[in-house]
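My questions concern the predicted model and sequence given below.
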Amino acid sequence: MNIAIVGATGNVGRKILEVLEKKEILIDKLYLVASTKSEGKKIKFQGKEIEVCNLEDFDFSKVKIAFFAAGGKISQKFASKAAKYCLVIDNSSFFRMDPDVPLVVPQVNADDLNNLKKNIIANPNCSTAQLVIALKPLHDLFIIRRIVVSTYQSVSGAGKAPMDELFAQTQSVLDSKNIKSKNFTKQIAFNAIPHIDDFSDDGYTKEELKMRNETKKILDNKIDLTATCVRLPISVSHSESVNLQFEKSFSLKKVRDILNNFEGCKVVDERVDGGYTTPLEAEGKNETFISRIREDKTIENGLNLWIVSDNLLRGAALNAVEIAETLIKNNFYGK
């Protein structure tokens, strides 16, 4: 099978490459595709150097699957054109709420892959992906009525330039130099910014609305969700403080057991110093980690969780590749 990665030189594109190297997908030829300024660059894959192609004139009829990891504007311009010839797995937000495009986390709603109308599959927002994979087994058993989530998101979720800015600002602070903010609304180094993406008229940011709308589309449209999304000076991994209210009663033992047994989840919940997972420990790991599991005694059937995951893996590259794996496993293309 021939595969293309659009945006191969960016954060998510390179992570897709890393994930593909570890997976058992049989790739006959891999095309790395990017903008004109990246054309001709060489990137290693499985010990061989692959030259980057120019997106503007790339022929998508040469591939069966194209991963798009270059942002919403590129997906808007090129994804539908590519989908005339191949299956597109898109990491941007552009197609996520399109009713004719499935929004998929394979462990949660793989059945939606059976209903492809535009030959495009959307990858959810990184914070949504790690949230729904932890909530799916709980919702199946106890039925979630309401979610209150606060996210603490790393700068890698905003791209390479914001990561570089964090490092530069950190050095400037340590050297007592003036701080320059280009990619953030305020200084990110040694700070917390309660603002990710643009504000809507009701005061929520687009990131917060994405979490609400995408969770409803993937998990259950009846669930109510309110979110506050915060950017932290962390390189990789997003964390979430999650408060749930169920329709049914539960036991903490049952919660731990079903989470530990659900694909993609790992419970690290010891009530001792360090008995939980932090962003640093989640970096580079495929699992979504759940800690600080405890009853919320202020509401009926309430539960608190701490959820941490590598946003470049579970929230982007890993999920995209697992979508491809699911399609191949179910003989979407035959052999």
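Received, thanks. Numbers count the residues shown, from 1 in each chain.

Just give the number of residues close to N114.
Counted with other C-beta atoms under 10 Å, the neighbours of N114 add up to 9. Every C-beta, even on glycine, is put in place using the N, C-alpha and C of the backbone.

Next, find the distance separating it from I133.
20 Å (C-beta to C-beta, to the nearest Å).

Skip the chain neighbours and tell me the closest residue to E21.
The shortest distance from E21 to any non-neighbouring residue, by C-beta to C-beta, 6 or more residues apart in numbering, is to Q46 (6.0 Å).

swap in E51?
Going by C-beta to C-beta, 6+ apart, E51 has K42 as its nearest residue, at 5.5 Å.

where does the one you found fall, phi/psi-wise?
phi -120, psi 130 (degrees, to the nearest 10).

Kindly report the same for E21.
The phi/psi pair for E21 (degrees, to the nearest 10) reads phi -60, psi -30.

can you check V308 too?
phi -130, psi 140.

which residues touch it?
130, 237-240, 277-279, 281-282, 288-289, 291 (C-beta atoms under 8 Å, 6 or more residues apart in numbering).

ok, and the most crowded of those?
Within the contacts of V308, Q130 tops the neighbour count with 33 neighbours, counted by other C-beta under 10 Å.

Skipping adjacent residues, who's closest to that one in space?
The nearest residue in space to Q130 (C-beta to C-beta, 6+ apart) is S309, at 3.7 Å.

same thing with G315?
Per C-beta to C-beta, 6+ apart, closest to G315 is C126, 2.6 Å.

Find me the pLDDT at the one you found, would you?
At C126, the pLDDT value in this model is 94.

If you count neighbours, what's buried in stretch 140-158?
The neighbour-count check on stretch 140-158 (16 or more other C-beta atoms under 10 Å) flags 142, 144-145, 147-158 as buried.

What segments of the stretch 51-200 of the chain are helices?
For the stretch 51-200 of the chain, applying DSSP state H, counting those that start in this stretch gives helices covering 72-82, 106-109, 126-142, 160-174.

same for the host helix or strand of V19, what does it pack against?
Here V19 is covered by helix 11-22, with elements defined by DSSP states H and E. The contact analysis (3 or more C-beta pairs under 8 Å, 6 or more residues apart in numbering; DSSP states H and E) places helix 11-22 against strand 2-6, strand 29-34, strand 42-45, helix 318-329.

from what I can see the residue nearest to Q130 touches H238, true?
Yes: S309 lies in contact with H238 (C-beta atoms under 8 Å); the separation is 6.4 Å.

Quickly list what's touching both of those two.
With C-beta under 8 Å, 6+ apart as the test, S309 and H238 both reach 130, 315.

In a markdown table: the helices of the stretch 51-200 of the chain, plus distance to R314.
Formatted as a markdown table, the helices of the stretch 51-200 of the chain follow (distance: least, C-beta to C-beta, whole Å):
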| stretch | distance to R314 |
| --- | --- |
| helix 72-82 | 20 |
| helix 106-109 | 10 |
| helix 126-142 | 5 |
| helix 160-174 | 18 |
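
mind checking how far V173 is from L166?
Counting by C-beta to C-beta, the separation of V173 from L166 is 11 Å.

start to end distance for stretch 34-42?
One end of stretch 34-42 sits 11 Å from the other (C-alpha to C-alpha, to the nearest Å).

V6: how many residues sit nearby?
There are 30 residues near V6, going by other C-beta under 10 Å.

In contact with it, which residues?
Here V6 is in contact with 13, 33-34, 55, 58, 66-70, 74, 78, 82 (C-beta under 8 Å, 6+ apart).

As JSON lines, these with distance to L26, neighbour count and pLDDT would be great.
Output for the contacts of V6, formatted as JSON lines (distance: C-beta to C-beta, whole Å; neighbours: other C-beta atoms under 10 Å; pLDDT from 0 to 100):
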{"residue": "G13", "distance to L26": "21", "neighbour count": "25", "pLDDT": "93"}
{"residue": "V33", "distance to L26": "20", "neighbour count": "29", "pLDDT": "96"}
{"residue": "A34", "distance to L26": "24", "neighbour count": "25", "pLDDT": "93"}
{"residue": "L55", "distance to L26": "25", "neighbour count": "22", "pLDDT": "96"}
{"residue": "F58", "distance to L26": "22", "neighbour count": "18", "pLDDT": "96"}
{"residue": "A66", "distance to L26": "17", "neighbour count": "27", "pLDDT": "97"}
{"residue": "F67", "distance to L26": "16", "neighbour count": "30", "pLDDT": "98"}
{"residue": "F68", "distance to L26": "22", "neighbour count": "31", "pLDDT": "97"}
{"residue": "A69", "distance to L26": "21", "neighbour count": "29", "pLDDT": "94"}
{"residue": "A70", "distance to L26": "25", "neighbour count": "26", "pLDDT": "93"}
{"residue": "I74", "distance to L26": "27", "neighbour count": "20", "pLDDT": "95"}
{"residue": "F78", "distance to L26": "26", "neighbour count": "20", "pLDDT": "96"}
{"residue": "A82", "distance to L26": "21", "neighbour count": "25", "pLDDT": "96"}
